[in-house]
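Undergrad: have a look; sequence and predicted model below, questions after that.
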Amino acid sequence: MNNRKTAVAGRFYPDEINELNNVVLSMLNVQPKSPRMPKALIVPHAGYIFSGQIAADAFSYLKQYKGQIKRVFLLGPSHRFPLRGCAVTDHDAFESPLGPIVIDKEIRNKLLANNEVQSINQAHQLEHSLEVQLPFLQHVLDEFQLIPILIGGENQHKIADMLEKYAQDSSSLIVVSTDLSHFLSQPECIKVDGKTIDKILSYQATLSPSDACGCSAVNGLLEYSRRQGWGIELISQRNSGEVIDNKKEVVGYASFVLF
């Protein structure tokens, strides 16, 4: 098969299967606050030591619905490739140390045929924002297909329209991958992230790159969720200064569930 290989296994998260299983399972060992089935998640994408638990707190909401979700739209920012618009790949599957996840070729081909995305393998080759979510998805879901989309400065209305067109099915889940502020002092990070979180919770689709690296995808999801009348809850948050002894340049993380 023509698979997209892992790029950050062994650095952002363990590449050895048993260790990875143990790490992910230990982070998912939390009790969700609500019994409602999520329609979308917003989760961070740093190394697991920094933001893995924050992401796992949101992914844990999927455990009791693992048989009901058959398709995952996974959206995130492009950090290493100068991307404009949205990019998929022509791969058959995305690999993780836990095995391959098959791409939903039918949806991908429709996106391409309607010029809603481009196919750019190079954009995905070294990108971590989508890859780090895969082991969590593999643990909390049964067999599912993936639609991985990198987003670079796309119009939020186009993203919302795309989600409305393709992700309406009740067996579909949307996962948006983003960190919050980058390389601020810890007090400034807390201040900026607090404002960003308030915007997200009030569906203000006005986030900028200084608020969140995945701002385009988040803004698109917020517009779409507002159209659908979904609710949204902050699940957990922290910053890298709470993990390592560096309070001068920290990165912020938060996770949300949309119902």
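TA: Thanks, I have it.

Undergrad: mind listing what the residue nearest the centre of the chain touches?
TA: Note on the chain: the residue nearest the mean C-alpha position is Ser177, at 2.4 Å, using C-alpha atoms, centre = their mean. By C-beta atoms under 8 Å, 6 or more residues apart in numbering, the residues touching Ser177 are 43-45, 74-77, 129-130, 132-133, 214, 217. For every residue, glycine as well, the C-beta is placed using N, CA and C.

Undergrad: show me where the chain has strands.
TA: 3-4, 40-43, 71-77, 85-88, 93-96, 99-102, 118-119, 145-152, 172-177, 182-184, 232-239, 250-258 (DSSP state E).

Undergrad: name the helices or strands packed onto the longest one?
TA: Using 3 or more C-beta pairs under 8 Å, 6 or more residues apart in numbering; DSSP states H and E, the elements in contact with strand 250-258 are strand 40-43, helix 53-59, strand 182-184, helix 186-201, strand 232-239.

Undergrad: next one: the second one to chain centre, how far?
TA: On the basis of C-alpha atoms, centre = their mean, to the nearest Å, helix 53-59 is displaced by 11 Å from the centre of the chain it belongs to.

Undergrad: same question for the first one.
TA: Computed by C-alpha atoms, centre = their mean, the separation of strand 40-43 from the middle of its chain amounts to 6 Å.

Undergrad: can you list the strands that that strand pairs with?
TA: strand 172-177 (parallel), strand 250-258 (antiparallel) (DSSP bridges).

Undergrad: nearest approach to Gln138 belongs to which of those strands?
TA: Ranking those by proximity to Gln138 (C-beta to C-beta) places strand 172-177 first, at 12.7 Å.

Undergrad: ends of stretch 202-213, what's the gap?
TA: One end of stretch 202-213 sits 19 Å from the other (C-alpha to C-alpha, to the nearest Å).

Undergrad: for that stretch, give me every contacting residue.
TA: By C-beta under 8 Å, 6+ apart, stretch 202-213 touches 77, 79, 129, 156, 178-182, 192, 195-196, 199-200, 215, 218-220, 222-223, 225-226, 232.

Undergrad: if we use 6 Å, what do you get?
TA: 77, 156, 178-180, 196, 215, 218-219, 222-223, 226 (C-beta atoms under 6 Å, 6 or more residues apart in numbering).

Undergrad: mind listing which of the residues you listed are in helices?
TA: Among the contacts of stretch 202-213, the members falling in helices (DSSP state H) are 156, 196, 215, 218-219, 222-223, 226.

Undergrad: ok, back up a step: would you mind finding the most buried of the helices and strands packed on strand 250-258?
TA: strand 40-43 (a mean of 26; mean count of other C-beta atoms under 10 Å).

Undergrad: quick check: mean pLDDT across that strand?
TA: Summarised as a single mean, pLDDT over strand 40-43 is 98.

Undergrad: how about stretch 157-167?
TA: 98.

Undergrad: let me know the pLDDT of His79.
TA: 97.

Undergrad: and it, how far is that from Asp90?
TA: Separation of His79 from Asp90 (C-beta to C-beta, to the nearest Å) stands at 21 Å.

Undergrad: so those two - more neighbours on which side?
TA: His79 (16 against 13; other C-beta atoms under 10 Å).

Undergrad: sorry, back to before: which among the ones in helices among the contacts of stretch 202-213 count as buried?
TA: Buried residues within the ones in helices among the contacts of stretch 202-213, counting neighbours by 16 or more other C-beta atoms under 10 Å: 156, 196, 215, 218-219, 222-223.

Undergrad: ok, which pair from those is furthest apart?
TA: It's Thr196 and Glu223 that sit farthest apart of these, by C-beta to C-beta, at 16.2 Å.

Undergrad: got JSON lines for the strands paired with strand 40-43, with distance to Pro100 too?
TA: Output for these, formatted as JSON lines (distance: least, C-beta to C-beta, whole Å):
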{"stretch": "strand 172-177", "distance to Pro100": "18"}
{"stretch": "strand 250-258", "distance to Pro100": "26"}
